[in-house]
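1. what would the 3D arrangement of this be:
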Amino acid sequence: MIPHDLTRIRFVSDPQISPDGRTVAFVVTTLSDESDEYLSNIWLVDTTGSGPRRFTTGPRRDTAPRWSPDGTRLAFVSEREPGKKGQLYVMPAQGGEPTRLTDLRHGVGTPEWSPDGTRLAFAARVGGAPEPETEEEKRKSRPPRIITTLKYKYNGEGFTYDRRPQIFTVSVDDGEPRQLTEGDYDHTDPVFSPDGRSIAFASARHDDRDHDDAGDIWLVPAAGGAPRRLTQTAGPATHPSFSPAGDTVAYLGRATINNFGGNVRLFTVPVAAVESTQKIAPTSLTEDFDRSCSPLGVPPLWSRDGDTLIISAEDQGTIGIHVARRDGGPPRRLVSGHRVVTGYSAARDGSIAFTASDPTSPAELFVYAADEHGERQLTDLNREWKREVTLSAAERFHFERAGFTVDGWVMKPAGFDAAHRYPALLNIHGGPHAQYGYPFFDEFQVQAGAGYAVIYTNPRGSQGYGEAFTRAVVGDWGGGDVADVMAGLDEALRRFDWIDPERLGVLGGSYGGFMTSWIVGHSKRFRVACSERAVNYQPSMFGTSDIGFLFNQVELGGIRPWDDLAKYLERSPLSYARDITTPLLIVHSEDDLRCPMEQAEQLFVALKILRRETMFVRFPDENHELTRSGKPRHRLERFRILLEWFAKYLPPAPSPAARAVR
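-> Take a look at the predicted model:
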């Protein structure tokens, strides 16, 4: 695989099965190098297996398909009108012309149907200073931003303090949106009650919301009125879902505040809690399930009888689909295997449509039968592409570290020959509470295609191994986590003697960028490194990141810079700049609000003053998500720069793909 193959892949996502279980709507996205944008359309496929077909033909992005309750229409979000952000459309399921229902300045979020099929609920941002339109307006000074809250910006969104998301409904017949919520609060995840009279949503409306990550589930009359709080502001709460009887709401969340790395659990709470004069505590249905239940952002899906709920969970490098019982007990896994589920939905009969990828296949669409007799693959949209490229499989290995079992993987370079020894790139994931494992990852395939062995691990801090393992990194960045990564490298070298221990590179992004910057300041083991969108200086990130004032405080053990500046400096790679002698490529995005640009600038300036080998690459008009959703040309250019940098100091093996890149 070479970088330009990104433009040849069809990325399949957001599977939505029709209420009768006969048809699945899904999104197909491609990257256009020519227009430098993502192009998405909605496709349909019958669950009997007849060929997939394109449903929408919008010129840019059609996303978020949602079936009407009777299955006769599809609502979706489209950017088909020039100059407008995504608006809400409805279209007959048999085809025809779509009808636009909204014309909102900031666009709309994912729609949810009312049970009678007459209305749609959605969240949309409201407010904000208008953009200058005329040349005269563009020449005028813009007004100052008056900010009074800590949570005033967000990566990928920019300034958000004056344009909070509100809950709307819109009639499918007259297309007049009605705003149901207001105020300086974020309102998300709306869903109708079974009788259509109420809407549940998630919001943090408590007085201390600026200083914690808590949130609540709220109810608001669908006809308008004051919201009422259903939960107790104990921790974050998102993605509500009504039981079929309408007497209970399930949601995903945690029972404590600021518990980063803690398991996200499945809760239920009776709707009667809004009327009760006594506090009714939510019930955790996954208290004894030591895995996190919200990696995909899909709300809990109730069975028709209300006895079970479908959830997803991270587990040792995989993401699977599980069934939890309302009366308790450990969830049972329905969809498993060495792969990663990327989205799912359920029909009335219990059939599940899902998308899943594995290390050698981008996500495709599957259906799991309601009788639990197995699954069928419904699409193979990348079949021809996969026939034309060499893709490397992932070989898993385990090792023991300080009472933990740690996972690692190795991928062979393209054109592998057991008689040769190969250079290797050690990849470190971000988070830190994320996981590597079994998805299709273009980064690794391009590295393998360029002639490198690829090594990656799940050190302490990673999800998928239980809460104790995930939280073991809190207060210890640069400690046990680094020891795990280096032990994983040693184990890979021990097991795979075709990897050359004298020709190693290291790279990572975000927290993985922190780890890379940290490692080269403490080790001379690597010939070359690349640190992307990294945390390099903890004291300044505390006040400049969109989440730093909370995230960095918690991750460093609950301390603030003025309470223990020495700890912030001790756990900052910048403090060890004088010890960095490994050639270091620093890559950052200029609109990154998660790890702001100054994090890269400070390390680059220090290394230049120290006269070390370094190069600084800044991507304009990109944020923290460059490698996942950045402009296609920027993603391709980044690949070119990385491969040239590593090849300069660590020449790859002469594979066909490596020759094509050079």
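
2. residue 226: neighbour count?
-> 9 (other C-beta atoms under 10 Å). Bear in mind the C-beta positions are built from the backbone N, C-alpha and C, glycine included.

3. that one and residue 178, how far apart?
-> 15 Å (C-beta to C-beta, to the nearest Å).

4. equivalent analysis for residue 562, please.
-> For residue 562, the distance to residue 178 - C-beta to C-beta - is 47 Å.

5. the more surrounded of the two?
-> Taking other C-beta under 10 Å, residue 562 and residue 178 do not tie; residue 178 has more neighbours (14 against 9).

6. let me see the contact set for the nearest residue to that one once chain neighbours are set aside.
-> Distance criterion C-beta to C-beta, 6 or more residues apart in numbering; nearest residue to residue 178, sequence neighbours excluded, is residue 169 at 5.2 Å. Neighbouring residues of residue 169 by C-beta atoms under 8 Å, 6 or more residues apart in numbering: 114, 119-121, 177-178, 180, 199, 222.

7. double-check that residue 169 belongs to a strand.
-> Yes: with DSSP: H, G, I helix; E, B strand; the rest coil as the criterion, residue 169 is part of a strand.

8. name the nearest residue to residue 309, ignoring sequence neighbours.
-> residue 300 (4.4 Å).

9. how about the one you found, phi and psi?
-> Here the main-chain torsion angles of residue 300 (degrees, to the nearest 10) amount to phi -60, psi 140.

10. neighbours around it, how many?
-> That count, for residue 300 with other C-beta under 10 Å as the rule, works out to 24.

11. how about residue 608?
-> 11.

12. the one 4 residues further on too?
-> Residue neighbour count, defined by other C-beta under 10 Å, stands at 17 for residue 612.

13. sec struct for it, please.
-> Looking at residue 612 with three-state DSSP, the answer is coil.

14. which ones are touching it?
-> Residue 612 neighbours (C-beta under 8 Å, 6+ apart): 580-581, 583-584.

15. quick check: residue 237 touching residue 253?
-> Yes: contact criterion C-beta atoms under 8 Å: residue 237 and residue 253 qualify, at 3.9 Å.

16. mutual contacts of the two, please.
-> Common neighbours of residue 237 and residue 253 (C-beta under 8 Å, 6+ apart) are 215, 231, 267.

17. identify, from the residues you listed, the entry nearest to residue 574.
-> For the shared contacts of residue 237 and residue 253, the residue nearest residue 574 by C-beta to C-beta is residue 215; the value is 33.8 Å.

18. distance check, the closest one against residue 203.
-> Residue 215 is 6 Å from residue 203, by C-beta to C-beta.

19. and residue 491, which of the three is it?
-> helix.

20. distance of it from residue 399?
-> Relative to residue 399, residue 491 is positioned 4 Å away (C-beta to C-beta).

21. which neighbours do the two share?
-> residue 408.

22. element containing residue 400, please.
-> If you go by DSSP states H and E, residue 400 is part of strand 394-401.

23. tell me the strands beside that strand, with direction?
-> strand 404-411 (antiparallel) (DSSP bridges).

24. any idea how far the strand it pairs with is from the chain center?
-> 22 Å (C-alpha atoms, centre = their mean, to the nearest Å).

25. and the strand holding residue 400, how far out from the chain middle?
-> Distance, centroid of strand 394-401 to centroid of chain: 25 Å (C-alpha atoms, centre = their mean).

26. one step back: from the contacts of residue 169, which land in strands?
-> 119-121, 178, 199 (DSSP state E).

27. and residue 545, what does it touch?
-> 551-552, 593-596.

28. tell me which two of these sit farthest apart.
-> 552 and 593 (14.0 Å).

29. for stretch 5-13, which positions count as buried?
-> Buried residues in stretch 5-13, counted by 16 or more other C-beta atoms under 10 Å: 5-6, 9, 11-12.

30. so which of those residues is the closest to residue 157?
-> The nearest one, if we look at the buried residues of stretch 5-13 relative to residue 157 and count by C-beta to C-beta, is residue 11, at 22.5 Å.
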